[in-house]
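Colleague: the following block contains a protein sequence and its predicted model.
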Amino acid sequence: MEKITVESIINAPVEKVWQYWNEPEHITKWAFASDDWEAPTAQNDLRAGGRFITRMQAKDKSTGFDFEGTYTAVEPNSVIEYRMDDGRMVKTVFAKDGDGTKITQAFDPENENPIEMQRGGWQGMLNNFKKYVENS
């Protein structure tokens with residue numbers, strides 16, 4: 001099955017974008033797709049073979065899940081690849097774009113939800129990240 005791709009240009013240097021993408025105290029501020037969700041906890045061991053886990057849940061606590069996986073490749077300020085615990089692969093590329101940084105994420109779709117819904121959720125999270133970084 002073809003990968004789904006989302007992207008955004010963040011008006012910040014790649015070093016700041018990398019830091020905000022990977023440090024748990026920042027992850028908890030943006031790792032959700034809509035304002036009625038939150039990410040109360042995050043752990044991140046950013047190295048090949050390292051694990052990550054971010055709790056994503058509705059603010060009213062009605063539903064939630066742990067987003068977790070294992071890094072397969074990490075190139076600082078450039079590329080992150082990981083395998084989610086369900087086996088799907090994700091590749092995130094950070095590229096200088098003028099004074100900003102372009103983030104491109106490509107991921108294997110899951111089988112439960114429509115492709116457009118999956119793309120929308122991941123794009124929503126990326127949009128949330130952009131807003132957080134640019135206003136911090």
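Modeller: Nice, I can see it.

Colleague: where do the strands sit along this structure?
Modeller: 4-10, 37-44, 51-58, 64-75, 79-84, 89-97, 100-107 (DSSP state E).

Colleague: and the fourth one, how far out from the chain's middle?
Modeller: Read it as strand 64-75. 9 Å (Cα atoms, centre = their mean, to the nearest Å).

Colleague: and that strand, what does it pack against?
Modeller: On a contact count with 3 or more Cβ pairs under 8 Å, 6 or more residues apart in numbering; DSSP states H and E, strand 64-75 meets strand 51-58, strand 79-84. Quick note: C-beta positions are derived from backbone N, CA and C, even for glycine.

Colleague: tell me what angle it forms with strand 89-97.
Modeller: Orientation of strand 64-75 against strand 89-97 (axes from the mean of the first three to the mean of the last three Cα atoms, to 10 degrees) gives an angle of 60 degrees.

Colleague: avg pLDDT for strand 64-75?
Modeller: Here strand 64-75 scores 97 as its mean pLDDT.
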